[in-house]
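Fold the following.
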Amino acid sequence: MTEDPGRDRSGSRPGAVAPAVAAVSAVLISPYAWWAVGRPPFSAVATAAVVLPGLAAAGVAGVARARAGGRHDRPAPAPAGMARWAVLAALAAAWQLAAYLQHPRHDHPTLSSLTNAALDSHAARAAAFVAWLAVTVTLVWR
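Take a look at the predicted model:
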């Protein structure tokens, strides 16, 4: 059996979050998420309830990454890969703008109106909030 230099002897990546830790974290964060998504939309309390945990999650992930030694050995992202993401973002923005400018709205849905329909229930919004925090931690960790 050959050893992967990116893994320790237990088979996991150094500093990687175990699935059990991620699951317990999601369960512990869920009551807060339930409360946060119940705040009046676009209020200062709702904004703080979303932004502050996002900053905290990014900060915790950044500190954990630094303590784990960071990942300075990773190569820089390939320009071709970054270009693909830029094209995808530009297409999404163009779709959003085109749909926003056309009427009637039900014939030309915007991305935000589609997500509003998908996140119509309180439970779906709370689950999306927990997922948003998980993605934040993952992106900072990378």
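
can you give me the helices in this protein?
19-36, 44-67, 79-101, 111-118, 122-141 (DSSP state H).

now the helix or strand of the chain with the lowest mean pLDDT, how far from the centre of its chain.
Within the chain, no helix or strand scores below helix 111-118, which has a mean of 84 by mean pLDDT, DSSP states H and E. Put simply, helix 111-118 sits 17 Å off its chain's centre (C-alpha atoms, centre = their mean, to the nearest Å).

just to revisit the earlier point, most tightly surrounded among the helices of the chain?
Most buried of the helices of the chain by mean neighbour count (mean count of other C-beta atoms under 10 Å) is helix 122-141; its value is a mean of 16. All C-beta spots, glycine's among them, are computed from the backbone N, C-alpha and C.

Outside of it itself, which residues are in contact with it?
Contact partners of helix 122-141, identified using C-beta atoms under 8 Å, 6 or more residues apart in numbering, comprise 15, 17, 22, 26, 29-30, 33-34, 36-38, 50, 53-54, 57-58, 60-62, 64-65, 118-119.

What's the mean pLDDT across it?
On average, the pLDDT along helix 122-141 is 89.

likewise stretch 19-32?
In this model, stretch 19-32 has a mean pLDDT of 84.

same question, stretch 48-62
89.

what does that stretch contact?
29, 32, 35-36, 39, 129, 132-133, 136-138, 140-141.

run the last query once more with 7 Å
Under the contact criterion C-beta atoms under 7 Å, 6 or more residues apart in numbering, stretch 48-62 has outside partners A36, R39, L133, T136, V137, V140, W141.

Redo those as a markdown table? Include distance to A46.
Formatted as a markdown table, the contacts of stretch 48-62 follow (distance: C-beta to C-beta, whole Å):
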| residue | distance to A46 |
| --- | --- |
| A36 | 7 |
| R39 | 4 |
| L133 | 15 |
| T136 | 17 |
| V137 | 21 |
| V140 | 23 |
| W141 | 27 |
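
Now for these: which two are most distant?
Spatial extent of the contacts of stretch 48-62 (C-beta to C-beta) is set by the pair R39 and W141 at 28.0 Å.

do you know how far S43 is from R125?
Using C-beta to C-beta, to the nearest Å, S43 is found at 15 Å from R125.

Please read the previous query as pertaining to Q96.
Using C-beta to C-beta, Q96 is found at 20 Å from R125.
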